[in-house]
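Participant: Here you go, sequence then predicted model.
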Amino acid sequence: MGLQKLSIKSARPINVNIFDSVSACAIGTSNDRILQLRKSLPQPFAAASADDPKAVPVSASIPEIEPISTPPAKNDAALEVTQSDQRRRAVDWEKVKKREAREKKEEANRKIASRKAISVILRRDATKAIIEKKRGPTNSKKLLPRTVLEALHERITALRWESALKVFELLQEQLWYRPNSGMYIKLIVMLGKCKQPERAHELFQAMISEGCVVNHESYTALLSAYGRSGLFDEAFSLLEEMKNNPDCQPDVHTYSILIKSCLLVFAFDKAQWLLSDMESLGVRPNTITYNTLIDAYGKAKMFAEMETTLVKMLSEKNCEPDVWTMNSTIRAFGSSGQIEMMEKCYEKFQSAGIEPSILTFNILLDSYGKAGDYKKMSAVMEYMQKYHYSWTIVTYNVVIDAFGRAGDLKQMEYLFHLMQSERIRPSCVTLCSLVRAYGEAGKPGKIGGVLRFMENSDITLDTVFFNCLADAYGRMGCFAEMKGVLELMEQKGCKPDKITYRTMIKAYSSKGMTKHVKELQDLARSVEGPQFQRKKPDFL
């Protein structure tokens, strides 16, 4: 691997302390005596009488002292120093008063700002409470705009579509609300990701009725919602509607989204038709379009089509391959066991100036691990460490699974503890790898340790984990524990699927336990309903 590490040197500023030197003039011995005597006398003294010939004229604010028998020149110098000191103190006192006044004003401003801040915070809390329906009237029309918009953004980002729509209804009731097409588009995209095409269509119609500008972005958002849910008749109909509207012509983003939706259900003929339609309209595919095709062909093991698409991509002037192109290509060959071809592609992409990412190394690790080439897998790990590629949870899951499949439980457990020391929380995939490895090694006690770890963590478990658990117990002949998996699934709110029952049936059948097999077969038939049958796209 020929990647060279880039060393960026950064110069840090050096703190230099600069000291100002101030020269002071020495005062004569007599003057020092005068000042020292003045400080030692009690304050205040009454001014000397004007008739007193021995009195020395001084400032009214300075206490009077008797003259010292020193030469007149020295007395004048002492008086001048005293008056200078008075002026300096007067200036210092003025500065003190100004500073105190400024501090009082700043303190008053801080109190005012604090009261305003508390008022804003209380209003925001009240707004949030109304949004969450904890207290207060739900029809308030004077809520803080920032709080409502933040609440809506949080729900859109988290794909909490039901809550997001409720907040949007509250937003529409506000006195300051103005219809905004951008907000509608975000909501429609969210509903598409949540497989809610009907509600996305309702919002699209509401956007039109409120007078928002409907452009190709709005149509693309709705088209994406149809495509994600497999409603291809509606999606293609909307595409034709866009083509007939001069103000809403489909662009490369529109076609790329629809092509990806078709490829997800392996409708390669429709994807090719869309590419031809793009060409007829003068819409050029971009890197994302080609990457989508390459990735889909690779996952379907259609290597000839993948290579043709890659060659066509390279022939485009303004369409260069990137790291996603490299990752899709090497993943296709690596997952099919074509390690040599994977390595050749990796070297070619790297020589073309494409730098690998952490995902690239995860693909290499996974491919070498599944091929049983642990020497090369270790080389990749050392390379990542040498050039400071931070491991992600995917990296840990890949190497933990690889060493577990190899039966190297010591290395697997070391990586699991290292993962936690790096403050990377294990996932359900991590626990599946541990359970699978312990099951193949015949260590039920270790599986119990995984279950105890699971109970003390907040890891969200799914049906796949429990299927791995049932398979591990079945391999070891721990039928009581395997039966208990069903009870554990019920406690965790996971429903068994057909794989759960088939795994347990296989274990019972291997030991000739026909009674249990019959019971589970009846349960399996009850779950193998229409919900497990994959629907074909309606245009096929």
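Facilitator: Received it, and whenever you're ready, just let me know what you need.
Participant: where in the stretch 101-250 of the chain is pLDDT low?
Facilitator: 111-140 (pLDDT under 70).
Participant: make it 80
Facilitator: Applying pLDDT under 80 to the stretch 101-250 of the chain flags the ranges 106-144.
Participant: Sketch out the strands for it, chain order is fine.
Facilitator: Counting by DSSP state E, counting those that start in this stretch, the stretch 101-250 of the chain forms no strands at all.
Participant: tell me, how many neighbours does the residue lying closest to Glu217 once chain neighbours are set aside end up with?
Facilitator: Once flanking residues are discounted, Glu217 sits nearest to Ile185: 5.8 Å by C-beta to C-beta, 6 or more residues apart in numbering. (C-beta placed from N, C-alpha, C; glycine too.) Using other C-beta atoms under 10 Å, Ile185 is surrounded by 22 other residues.
Participant: so who does Ile185 touch?
Facilitator: Glu217, Ser218, Ala221 (C-beta atoms under 8 Å, 6 or more residues apart in numbering).
Participant: next SSE after the helix or strand Tyr473 falls within?
Facilitator: Per DSSP states H and E, Tyr473 falls inside helix 463-476. Under the assignment DSSP H and E, the closest C-terminal helix or strand after helix 463-476 is helix 479-492.
Participant: what residues does that following helix touch?
Facilitator: By C-beta under 8 Å, 6+ apart, helix 479-492 touches 444, 461, 463, 466, 469-470, 473-474, 495-496, 500, 504, 507-508, 511, 513, 516.
Participant: try 10 Å this time
Facilitator: 444, 447-448, 451, 454, 460-463, 465-476, 478, 494-496, 500-501, 503-504, 507-508, 511, 513, 516, 520, 523 (C-beta atoms under 10 Å, 6 or more residues apart in numbering).
Participant: What subset of those residues is buried?
Facilitator: 447, 454, 461, 465-476, 478, 494, 496, 500-501, 503-504, 507-508, 516, 520, 523 (16 or more other C-beta atoms under 10 Å).
Participant: neighbouring contacts of the strand or helix carrying Lys344?
Facilitator: Counting by DSSP H and E, the element that carries Lys344 is helix 339-351. Applying C-beta under 10 Å, 6+ apart, the external contacts of helix 339-351 come out as 1-3, 303, 310, 321-323, 325-327, 329-336, 338, 354-356, 360, 363-364, 367-368, 370-371, 373, 376.
Participant: Which pLDDT value goes with Tyr255?
Facilitator: Here, the pLDDT recorded for Tyr255 equals 95.
Participant: residues contacting the residue lying closest to it once chain neighbours are set aside?
Facilitator: Residue nearest to Tyr255 in three dimensions, not counting chain neighbours: Met278, with 5.0 Å by C-beta to C-beta, 6+ apart. Listed by C-beta under 10 Å, 6+ apart, the contact partners of Met278 are Pro250, Asp251, Val252, Thr254, Tyr255, Ser256, Ile259, Arg284, Pro285, Thr289.
Participant: Next, name the residue at the spatial heart of this structure.
Facilitator: Residue closest to the mean C-alpha point of the chain, counted by C-alpha atoms, centre = their mean, is Thr157 at 10.7 Å.
Participant: so how far is stretch 479-486 off the chain centroid?
Facilitator: 38 Å (C-alpha atoms, centre = their mean, to the nearest Å).
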